[in-house]
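*Asks:* dropping a prediction and its sequence here:
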Amino acid sequence: MGRIQLHRSVGRRGFDFTFAMRRLVVDMTKRMPELKHIDMSRVAVAIVQARIESTHGVFATLTPMRFEKGARYTTRRGHKYACQMLFDEHGREMLYILSFYLPRFQNMSFSEKMITIFHELWHISPDFDGDIRRHPGRCYAHSSSQKEYDEHMAVLSNQYLIKQPPPELYTFLEHDFTKLYQNSGGIYGVKIPRPKLIPVAA
């Protein structure tokens, strides 16, 4: 997949959404003990253009770059595969891609945005090995109750705000897409193609 730039683009007009989101998430991982296992230098943050301006659909995703228990390879239907690899500008391998779908994500309420961010971060394995957090049972991604999962994320979001992080880190989430666009003269960010499975020769 090549390399991506994780830091702010110098001299470009408009609002760098992925840079702002990275700053916010880095602060979340520092203030919240539940997220202390996350190393944001190994997490790529990206934007995806939503095809339809709708209140329904995908708002954000977390893409793991490795398989169960951090394995580099998986076997499907008797064939061995590896996931495409992604690196930052210094050659550091990314273990996850955290993506936000615009304008859909930005048009949610502030509370919904915060819960969504924690929702995706919680998917990151406590071992931070490129795999997702796996809950017991068939519904290993969200546990047996997605409602309880999201209620837990709401609690984490409130706990984070109680810690009084600098408002400048999250005020961009208080605006909808149109308002943020108008205030900043544009919105841009890192775009990353969805990684593909690559066949591995036996």
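*Replies:* Noted; the coordinates are in hand. Residues are numbered from 1 along each chain as shown.
*Asks:* CA atoms for contacts and neighbours, from now on please.
*Replies:* Fine.
*Asks:* alpha carbons of the biggest helix by length in the chain, in PDB - could you do that?
*Replies:* Among the segments of the chain that qualify as a helix by DSSP state H, the longest is helix 146-162. Output in PDB follows, covering the C-alpha atoms of helix 146-162 (Å, rounded to 0.1, in the frame of the first residue of the first chain):
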ATOM      1  CA  GLN A 146     -24.200  -4.000  21.000                       C
ATOM      2  CA  LYS A 147     -26.500  -1.800  23.100                       C
ATOM      3  CA  GLU A 148     -24.400  -2.500  26.300                       C
ATOM      4  CA  TYR A 149     -21.200  -2.000  24.200                       C
ATOM      5  CA  ASP A 150     -22.300   1.500  23.200                       C
ATOM      6  CA  GLU A 151     -23.500   2.300  26.700                       C
ATOM      7  CA  HIS A 152     -20.100   1.500  27.900                       C
ATOM      8  CA  MET A 153     -18.600   3.800  25.200                       C
ATOM      9  CA  ALA A 154     -20.900   6.600  26.400                       C
ATOM     10  CA  VAL A 155     -19.600   6.200  29.900                       C
ATOM     11  CA  LEU A 156     -16.000   6.300  28.700                       C
ATOM     12  CA  SER A 157     -16.800   9.400  26.600                       C
ATOM     13  CA  ASN A 158     -18.300  11.200  29.700                       C
ATOM     14  CA  GLN A 159     -15.300  10.200  31.800                       C
ATOM     15  CA  TYR A 160     -12.900  11.700  29.300                       C
ATOM     16  CA  LEU A 161     -14.800  15.000  29.200                       C
ATOM     17  CA  ILE A 162     -14.800  15.100  33.000                       C
END
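*Asks:* just the buried residues of the helix or strand following that helix, please?
*Replies:* Next in sequence after helix 146-162, counting helices and strands by DSSP states H and E, comes helix 177-184. Using 16 or more other C-alpha atoms under 10 Å as the test for burial, helix 177-184 gives Phe177, Leu180.
*Asks:* also stretch 149-166?
*Replies:* For stretch 149-166, by 16+ other C-alpha under 10 Å, it's Asp150, Met153, Ala154, Leu156, Ser157, Tyr160.
*Asks:* is the residue nearest in space to the middle of the chain in a helix, a strand, or coil?
*Replies:* In the chain, the centroid-proximal residue (C-alpha atoms, centre = their mean) is Leu98; its distance is 2.1 Å. Counting by DSSP: H, G, I helix; E, B strand; the rest coil, the backbone at Leu98 sits in strand.
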